[in-house]
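Colleague: Structural data only, the sequence is not supplied:
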């Protein structure tokens, strides 16, 4: 028996890895392909019946999935978009639960009663509405990032998916409780406040305790072990019968704050270890979940045959609920967004474009929480087998319909994704500033007795890191090997020779294995840094970082580099020297001069062009990638 279980687990993991790899190779979303493969596999005669226990998903899968997403989410960005996230994760979920509940109650309640069948009570209809209300975190963001959505849209979708499960589960708990005692508005509101407030409070307390403990852990293995238990600690602490708060919300709060504090409470080794382990853990969990969703198809359909309801009514209700789930999202998002702008004014990051609103309205794929939550319905719920099928149909339908068409919609709307050139520019500017801060600290700490050679090496290392970022931006159209690439190529070759020598010593048995392992680890760490630099090379090729120009772009814009190393990244050169101020900054692509714009008092950017006749400048402001040709007066 144990061998069979082991074989099934290994086969499950192997299929997940193979399908995910295939999805990456052919360029489609892994969740979509896994669901399709699961549905097909469920009809194979040698595949055992797979049933997802709700406790396994809600306690075993959901907390680590939410935590792994939360620790990677920027708390600053999350706070910045809190209005949009709140409207989606609380308002939209409640609106969808109520709207779907009315549709299901009318069809399975009124219509079923009219044809002599047992009617569905409203509490059960509201329960299925709560079940299908929350979109899935993994499916939406995986597709969003793959198609290159703007970061603000991705942040809003991620923030929504982190909190909407808590709202949906509270609504579901209220609906199930209503089967015994009819709740009042006061009771529902109080229960929601206790669940939300208690979840936030527990999350803050767990964060405080874990942060105190992790400050004392210097061993990456111990720190990562504690990190893997953090979501379960937060969930169990919130869900115990004394507090009875939202465990989902406690996990999200814990992940957001611990991720925000990671650079302070963890060592570099611990952060690298945690990041690697959570990436693996998240990959296995999220992809396994979508495969399991598909694998349940056959037995859910088999149970559906036992329903006394006519087939036409089941089909009509399923289609109606699916359409309600899809349509209620834009019906809520677009009016409430416009209303909030009119009443509260534009949000701090600026208004979301109409194209972005359309994409957010269509990114409503459902996932594992929907399918797990429906199994928490009591066994004596009227037409429970139909409600389970509706949950499966909505989950699979939104994944296949919305998930497969979302990339096409993004391309159709021409929604701009993150600009690699702008990312590289900001990265280079940040590294340049960090290097200057490091050099200032070195000058402060260095003493006359410090070896000059060591001081030179320290200065060169920081400067090389900053220059490597600028090299990626300043490449001409004719490709060449930059100094950083030459260093990487030659150092990797040296590391291979060094590793071959260590292996030769190991095979000769001349040195203790523990000593050899430490030497090997030192080489592995250095090589992993070089590999990471290559993987993180934004664009890597000059054409990837070259901004798109219009068909009417002039030859100066076409020939100019994206950017050059600025002479003074901290601001306008003349204003810094003379003690002046500026409004915006411009970068000369001929020599790297940084000057102030024409809106500034001194207009040093234009004065620089008058003196040098360098034809092209570009904006040196974060988030702006436009370039201007002084000669032809064209914008590119």
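Modeller: Cool, the structure landed. Keep in mind that this is a model prediction, so the values were computed, not measured.
Colleague: Give the other helices and strands that the helix or strand containing residue 209 contacts.
Modeller: Residue 209 belongs to helix 185-215 when assigned by DSSP states H and E. Counting contacts by 3 or more CB pairs under 8 Å, 6 or more residues apart in numbering; DSSP states H and E, helix 185-215 packs against helix 151-177, helix 220-239, helix 247-265. Where C-beta positions appear, they are placed from N, C-alpha and C, glycine not excepted.
Colleague: With respect to residue 408, which of the ones you listed lies nearest?
Modeller: Nearest to residue 408, of all the helices and strands packed on helix 185-215, is helix 151-177, at 16.1 Å by CB to CB.
Colleague: how far is the closest one from where the chain is centred?
Modeller: Its chain's C-alpha centre and that of helix 151-177 lie 15 Å apart, by CA atoms, centre = their mean, to the nearest Å.
Colleague: so how far is residue 459 from residue 392?
Modeller: Distance, residue 392 to residue 459, using CB to CB, to the nearest Å: 62 Å.
Colleague: next one: residue 520
Modeller: 30 Å.
Colleague: do the same with residue 310
Modeller: Distance from residue 310 to residue 459, by CB to CB: 80 Å.
Colleague: So the two - more neighbours on which side?
Modeller: residue 459 (15 against 12; other CB atoms under 10 Å).
Colleague: OK, contacts around that one?
Modeller: When contacts are counted by CB atoms under 8 Å, 6 or more residues apart in numbering, residue 459 touches 439, 442.
Colleague: Under a three-state scheme, what state does it occupy?
Modeller: helix (DSSP: H, G, I helix; E, B strand; the rest coil).
Colleague: Just give the nearest non-adjacent residue to residue 105, would you?
Modeller: Once flanking residues are discounted, residue 105 sits nearest to residue 125: 3.5 Å by CB to CB, 6 or more residues apart in numbering.
Colleague: and the one you found, how many residues sit next to it?
Modeller: Count around residue 125 with other CB under 10 Å applied: 25.
Colleague: Next, the contact list for it, please.
Modeller: Residue 125 neighbours (CB under 8 Å, 6+ apart): 100, 101, 102, 104, 105, 108, 109.
Colleague: so what does the strand or helix carrying the fourth one touch, helix or strand wise?
Modeller: It refers to residue 104. Using DSSP H and E, residue 104 sits within helix 93-105. If you count contacts as 3+ CB pairs under 8 Å, 6+ apart, helix 93-105 packs onto helix 122-132, helix 151-177, helix 311-344.
Colleague: Which of those helices has the lowest mean pLDDT?
Modeller: Mean pLDDT values for those show the minimum at helix 151-177, a mean of 86.
Colleague: Any regions of the stretch 301-450 of the chain where pLDDT drops low?
Modeller: For the stretch 301-450 of the chain, residues meeting the criterion pLDDT under 70 lie at 345-352, 419-422, 425-426.
Colleague: If we use 90, what do you get?
Modeller: For the stretch 301-450 of the chain, the stretches with pLDDT under 90 are 301-303, 305-306, 334, 336-357, 359-360, 363-380, 396, 399-400, 402-450.
Colleague: Okay, buried residues for the helix or strand hosting residue 275 please.
Modeller: In the assignment (DSSP H and E), residue 275 maps to helix 268-295. For helix 268-295, the neighbour count (16 or more other CB atoms under 10 Å) marks 270-274, 277-278, 281-282, 285-295 as buried.
Colleague: Which helix or strand lies directly C-terminal to that helix?
Modeller: Immediately after helix 268-295, counting by DSSP H and E, sits helix 297-304.
Colleague: For the stretch 501-636 of the chain, which segments count as helices?
Modeller: 513-535, 542-545, 555-559, 573-578, 604-612 (DSSP state H, counting those that start in this stretch).
Colleague: can you tell me which of those the model trusts least?
Modeller: Minimum mean pLDDT among the helices of the stretch 501-636 of the chain: helix 542-545, a mean of 46.
Colleague: and the angle for the helix or strand in which residue 65 is found with helix 151-177?
Modeller: Using DSSP H and E, residue 65 maps to helix 62-70. Comparing the axes of helix 62-70 and helix 151-177 via axes from the mean of the first three to the mean of the last three CA atoms, to 10 degrees yields an angle of 160 degrees.
Colleague: what's the offset of helix 62-70 from the middle of its chain?
Modeller: 11 Å.
Colleague: helices or strands up against it?
Modeller: Checked by 3+ CB pairs under 8 Å, 6+ apart, helix 62-70 has helix 137-147, helix 151-177, helix 220-239, helix 247-265, helix 268-295, helix 368-374 packed alongside it.
Colleague: and if we set it to 6 Å?
Modeller: helix 220-239, helix 247-265, helix 268-295 (3 or more CB pairs under 6 Å, 6 or more residues apart in numbering; DSSP states H and E).
Colleague: what number of residues lie near the residue lying closest to residue 71 once chain neighbours are set aside?
Modeller: Counting by CB to CB, 6+ apart, residue 71 lies nearest to residue 259, which is 3.5 Å off, once chain neighbours are set aside. Residue 259 has 19 neighbours, counted by other CB under 10 Å.
Colleague: you'd agree residue 259 is up against residue 69?
Modeller: No: using CB atoms under 6 Å, residue 259 is not in contact with residue 69; the gap is 9.7 Å.
Colleague: on that earlier part again, I'd like the next helix or strand past the helix holding residue 65.
Modeller: helix 75-80.
Colleague: Report the rounded mean pLDDT for that following helix.
Modeller: The model assigns helix 75-80 a mean pLDDT of 86.
Colleague: which residues are contacting that helix?
Modeller: Residues from elsewhere that reach helix 75-80 (CB atoms under 6 Å, 6 or more residues apart in numbering): 155, 159, 256, 260, 349.
Colleague: give me the element the closest residue to the second one other than its chain neighbours is part of.
Modeller: Looking back up the chat, that one is residue 159. In space, and not counting its chain neighbours, residue 159 is closest to residue 85: 3.7 Å by CB to CB, 6+ apart. Using DSSP H and E, residue 85 sits in helix 82-86.
Colleague: Give the buried residues for that helix.
Modeller: Quick answer for helix 82-86 (16+ other CB under 10 Å): 83, 84, 85.
Colleague: That one packs against which elements?
Modeller: helix 151-177.
Colleague: residues of the helix it packs on that come out buried?
Modeller: Going by neighbour count (16+ other CB under 10 Å), the buried part of helix 151-177 is 152-176.
Colleague: Near residue 359, how many other residues are there?
Modeller: Around residue 359 there are 22 residues (other CB under 10 Å).
Colleague: And it, how far from residue 229?
Modeller: For residue 359, the distance to residue 229 - CB to CB - is 37 Å.
Colleague: ok, now residue 17?
Modeller: For residue 17, the distance to residue 229 equals 25 Å [CB to CB].
Colleague: now swap in residue 336 and tell me
Modeller: 39 Å.
Colleague: which residues touch residue 210?
Modeller: Residue 210 neighbours (CB under 6 Å, 6+ apart): residue 230.
Colleague: repeat that for 7 Å
Modeller: Counting by CB atoms under 7 Å, 6 or more residues apart in numbering, residue 210 touches 226, 230, 258.
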